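>>> Take this sequence and fold it.
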Amino acid sequence: MTEMNDSDIGAFFDECARNGFLESFSPDDEEKLAELFKRWDISKDMRIVEPGCGSGRLTQRLADAVGPGGLVYAFDLSEEMIRLALARKLPDCVQFACGSVETVPAAGASFDIAICFSVFPHFSDPPKALDELRRVLKPGGHLWINHLKGRVALNEMHRTASQVIIAHELPDEAEMERLFAGHGFAVIELLDSVDTGYSLHAVAGKD
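Okay, here's the model as predicted:
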């Protein structure tokens with residue numbers, strides 16, 4: 001198994017950015033996103049943390065959802081992805097940064113919701129990532145793990161994409177529930193569908 005390394009992962013997604021990958025959504029993606037937004041139930045003035053924001057293609061929608069009184073703190077390991085994200089010139093409620101989910105520069109209990117869209121398998125240390133997300137989420141805050149593909153198809157895609165991400169897999173349901181429970185989250189729903197993709201909804205424990 002290839003060892004995960006943030007530097008290598010960042011470089012891989014730098015190349016994706018240079019090749020124009022992950023800049024926009026297909027019509028099929030748009031239908032799935034519309035359903036996700038219903039389920040995320042984002043309201044005005046919410047504070048959202050978005051690890052692995054990539055080129056900002058989702059960030060733009062999140063900014064519209066929270067409005068000028070909210071905040072979307074979006075970050076990515078890839079400098080090239082962040083360059084593309086900044087070029088979108090999103091409103092002031094969005095803050096972009098190049099960085100790791102393991103060290104979010106925010107006070108504890110700062111955010112209402114964390115949205116990990118198409119990124120969880122790329123966390124080099126998932127337990128540390130969950131600990132940090134638990135720290136910055138308010139007690140009772142929501143954490144979403146979402147992919148537009150089902151787990152099996154997603155894992156197969158990663159196995160054939162590149163040596164850098166060959167081992168970047170979503171664990172099975174039982175392992176995800178153990179992992180989240182061990183790091184301060186209760187999984188309240190996990191859906192995995194070939195047609196609609198993967199969705200895990202967890203809530204941060206109350207201190």
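>>> which residues in the protein form strands?
Assigned by DSSP state E, the strands in the chain fall at 47-51, 71-76, 94-98, 111-117, 137-147, 185-193, 197-204.
>>> and the first one, average pLDDT?
It stands for strand 47-51. Per-residue pLDDT over strand 47-51 has a mean of 98.
>>> Let me see the residues that make contact with it.
For strand 47-51, contacts defined as Cβ atoms under 8 Å, 6 or more residues apart in numbering pick out 42, 58-59, 62, 66, 70-76, 101, 104, 106, 110-117, 119, 123, 129, 133, 136-137. The C-beta positions use only the backbone N, C-alpha and C, and glycine is treated the same way.
>>> Would you agree residue 121 is in contact with residue 154?
Yes - the pair residue 121 / residue 154 is scored as a contact, 7.3 Å apart, by Cβ atoms under 8 Å.
>>> shared neighbours, these two?
Contact criterion Cβ under 8 Å, 6+ apart; residues bridging residue 121 and residue 154 by contacting each: 169-170.
>>> and of the strands of the chain, who's closest to residue 168?
strand 137-147 (11.5 Å; Cβ to Cβ).
>>> So which of the strands of the chain is the most surrounded?
Among those, judged by mean count of other Cβ atoms under 10 Å, the one packed with the most neighbours on average is strand 71-76 (a mean of 26).
>>> Pairing partners for that one, with directions?
Partners of strand 71-76 in the sheet, by DSSP bridges, are strand 47-51 (parallel), strand 94-98 (parallel).
>>> avg pLDDT for the last one?
Strand 94-98 carries an average pLDDT of 98.
>>> neighbouring contacts of that strand?
The list of residues contacting strand 94-98 from outside it, by Cβ under 8 Å, 6+ apart, reads 53, 56, 59, 63, 71-79, 82, 85-86, 90, 105.
>>> Go again with 6 Å.
For strand 94-98, the external contacting residues (Cβ atoms under 6 Å, 6 or more residues apart in numbering) are 59, 63, 72-75, 79, 82, 85-86.
>>> before we move on, what about stretch 190-200?
Around stretch 190-200, the neighbours that count as contacts under Cβ under 6 Å, 6+ apart are 32, 145-151, 173.
>>> Determine which two of those residues are furthest apart.
Largest separation among these by Cβ to Cβ: 32 and 173, giving 20.1 Å.
>>> Now do the contacts for residue 6.
When contacts are counted by Cβ under 6 Å, 6+ apart, residue 6 is found next to 77, 100, 124.
>>> I'd like to know which of those are buried.
Buried subset of the contacts of residue 6 (neighbour count, 16 or more other Cβ atoms under 10 Å): 77, 100, 124.
>>> Just give me the neighbour total for residue 132.
Counted with other Cβ atoms under 10 Å, the neighbours of residue 132 add up to 22.
>>> before we move on, the earlier item: pick out the most distant pair among the contacts of strand 94-98.
When Cβ to Cβ is used, the two most widely separated members of those are 63 and 79, lying 21.1 Å apart.
>>> more crowded one of these two?
residue 63 (22 against 13).
>>> close enough to count as contact, that one and residue 72?
Yes - under the criterion of Cβ atoms under 6 Å, residue 63 lies in contact with residue 72, with a separation of 5.3 Å.
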